[in-house]
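1. No letters, just coordinates:
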């Protein structure tokens, strides 16, 4: 039983301050508590199952650089989507029609955590303990990882209730954008090697992303101004 708590504690400490824990903070600005718990919980179980059962297959068939670049694109997308502020339940419902929030959380968390140090830690524990303890290793890894991420989620909801409107969306934007930039640099570095070129490519991606965000803000402002003018005309 001691090895179970050793694995649980190691996974908990490894996840503290990690990007996926901060990801949970960011997600609270966009999704409901139920969707985050179900999506992240399911993702954690699947990720650790992959790590314990066949983690080595991932590194054999899927290049690490491709995983990192895919994660970076996902981070940039969610940073961009954080610029959109949901102002009503009707908007929440219409947004929900575009995709299942639980599946979106699952996919985002899965990509972010895939190949991360906590998954590599789970692979190491599974190799050390052997097949006979595979279920115990999987359970300990899941509980440790989920406990750390729940702390991130609770911090996010605390901030949501205590901070001004729009603050958490802004926080989410910066968290996702920073992860997108650093993860892109890591992925490019793995593809072409460390050096100045990886940072140049990452900066170019960041500039393109910034331009897209500025255009999105301008479009939103024009739409808001147009809505105000239409409301004024209707009231006259």
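-> In hand now; what should we look at? Just so it is clear, the structure is predicted and the values come from calculations on it, not from any experiment. Numbering: from 1, shown residues only.
2. in the longest helix along the chain, what's buried?
-> Criterion DSSP state H: the longest helix present in the chain is helix 196-235. Of all the residues in helix 196-235, those buried under the rule 16 or more other CB atoms under 10 Å are 198, 201-202, 205-206, 209, 213. No exception for glycine: its C-beta is placed from N, CA and C like everyone else's.
3. Quick one: those as a markdown table, columns for distance to residue 65 and pLDDT too.
-> Listed next are the buried residues of helix 196-235 as a markdown table, based on distance: CB to CB, whole Å; pLDDT from 0 to 100:
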| residue | distance to residue 65 | pLDDT |
| --- | --- | --- |
| 198 | 10 | 90 |
| 201 | 12 | 92 |
| 202 | 13 | 90 |
| 205 | 14 | 92 |
| 206 | 18 | 91 |
| 209 | 19 | 92 |
| 213 | 25 | 90 |
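4. related to what we said a few turns ago, packing partners of the longest helix of the chain?
-> If contacts are counted by 3 or more CB pairs under 8 Å, 6 or more residues apart in numbering; DSSP states H and E, helix 196-235 sits against helix 64-81, helix 167-192.
5. Between the ones you listed, which has the poorest mean confidence score?
-> For the helices and strands packed on helix 196-235, the weakest mean pLDDT is recorded on helix 64-81, namely a mean of 79.
6. Not counting its own residues, what contacts that helix?
-> 26, 30, 58, 107-108, 111-112, 114-115, 172-177, 179-181, 183-184, 186-188, 190-191, 205, 209, 212-213, 216 (CB atoms under 8 Å, 6 or more residues apart in numbering).
7. Just list the residues touching residue 49, thanks.
-> residue 138.
8. Pull up the per-residue confidence for it.
-> At residue 49, pLDDT is 85.
9. cool, residue 197 as well?
-> 91.
10. In contact with the closest residue in space to it that isn't next to it in sequence, which residues?
-> Closest residue to residue 197 apart from its sequence neighbours, by CB to CB, 6 or more residues apart in numbering: residue 188 at 7.8 Å. Contacts for residue 188 (CB under 8 Å, 6+ apart) come out as 65, 69, 197-198, 201-202.
11. Which members of those are the farthest-apart pair?
-> 69 and 197 (14.8 Å; CB to CB).
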